[in-house]
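Chemist: okay, predicted coordinates and the sequence, questions at the end:
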Amino acid sequence: MHRIFAGLAAWVVLVFLAEFALGLTIGAARAEGDLEAAQAWFTWHMLTGIFLGTLCCVVHIMTMFHFVGSGKEIKEAAEVLGDDHDLARQVRRFKAQTFPWATFAPIVTGAAVILGGGAHMRAFPGWIHWAVGGAALALNLMAFPIEYKALRANLDLIEEVDRRLRRDVMPPLFGGRSE
């Protein structure tokens, strides 16, 4: 899971950078008075922004669902192993580390996308869209390492639980000890 996450997170950052470049290109075209070019670049900026907002949500929500699902399985395995407290505590710690970041990063990114439409319609100054977009990028850049580290630690925990289940639970089911 952490490898998939890392690849998708890299794409989010690349698309963010492309969005900023498109925004600057639109501003330059407007400054030169080339409104036709500005409108063409805006179309790409808008479509890329919608894609970015969606991709960002998918990456962070996928991470939350992973912790919900793996946490449930780890807790069930802990009951079988008779180690409810330590494993459950680790699962709760992973969720506590990641869920605030995985919640607010897509919310702020989505706000930047939505505010882009308002800035385009001149409902408010464009710097607000830029500021929220910059905050969204910064929030994602802070969230990704935290989520990645927790996903790696969660994988280690899953592998430990799996080893313990094979060692302590499975052999008696089949009439012997293995490993």
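Modeler: Nice, thanks for sending it over.
Chemist: where does the prediction get shaky in this structure?
Modeler: For the chain, applying pLDDT under 70 flags the ranges 84, 171-179.
Chemist: which residues of it fall in helices?
Modeler: Counting by DSSP state H, the chain forms helices over residues 2-31, 35-81, 84-120, 126-164, 170-173, given from the N-terminal end onward.
Chemist: let me have these in a markdown table, adding mean neighbour count as columns.
Modeler: All C-beta spots, glycine's among them, are computed from the backbone N, C-alpha and C. Below are those laid out as a markdown table (neighbours: other C-beta atoms under 10 Å):
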| stretch | mean neighbour count |
| --- | --- |
| helix 2-31 | 16 |
| helix 35-81 | 17 |
| helix 84-120 | 17 |
| helix 126-164 | 17 |
| helix 170-173 | 10 |
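Chemist: without its sequence neighbours, what residue ends up closest to the residue nearest the centre of the chain?
Modeler: In the chain, the C-alpha nearest the mean C-alpha coordinate belongs to residue 60, at 2.7 Å (C-alpha atoms, centre = their mean). Nearest in space to residue 60, with sequence neighbours left out and distances taken as C-beta to C-beta, 6 or more residues apart in numbering, is residue 102 at 4.0 Å.
Chemist: hang on, the one you found packs against residue 63?
Modeler: Yes - A contact is recorded between residue 102 and residue 63 when judged using C-beta atoms under 8 Å, the distance being 5.1 Å.
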